[in-house]
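In: Take this sequence and fold it.
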Amino acid sequence: MENEYMRLALNEAALAEASGDIPVGAVIVKNGVVIAKAHNTREKYMNALCHAEISAINSACRYLNNWRLDDCDMYVTLEPCIMCSGAVVQSRIRRVFFGAYDIENGYMASNFVPGLKLPECYCGIMEEECKSALVKFFDKLRK
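Out: Prediction:
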């Protein structure tokens, strides 16, 4: 199932890329049901807060009519940044599965913050596919 949900997140990442944004996608699942999908929309809305994870959390909270996402899991193509990691903690997401590591800006595994009580984290899910989408995007951007 991990790969199935990560493929949905990759589909969301493709939507971000198609609109000129960094290809990051996120999916939130509760009891085997996808309750939220989102992708980066920072360029579209000219808003630094429009990360895939934040948008997915917003959608999941609206769907459940609850800010507590205790029994939910997030699948995201790139390791969440510190802002998104904080939002994951605050929303009480149970587990995070991410694809590509973000050595510079990731805060679930790469740059752990002491005192930040993170949920269970599973790293490197479909890592090559997730990383490839980002590498292709930035290679195209540089050309």
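In: How far off centre is stretch 101-117?
Out: 14 Å (CA atoms, centre = their mean, to the nearest Å).
In: what's next to the helix-or-strand element of the chain with minimal mean pLDDT, contact-wise?
Out: Lowest mean confidence among the helices and strands of the chain (mean pLDDT, DSSP states H and E): helix 127-142, at a mean of 91. Contacts to helix 127-142, defined as CB atoms under 8 Å, 6 or more residues apart in numbering, come from residues 6, 10, 13-14, 17, 22-24, 77-78, 98-101. Just so you know, the C-beta spots here come from the backbone N, C-alpha and C atoms, and that holds for glycine as well.
In: Kindly report the same for stretch 47-61.
Out: Stretch 47-61 is contacted by residues 9, 12-13, 16, 24-28, 30, 35-42, 44, 67, 69, 72, 74, 76-77, 80-81, 83-84, 87-88, 91, 93 when judged by CB under 8 Å, 6+ apart.
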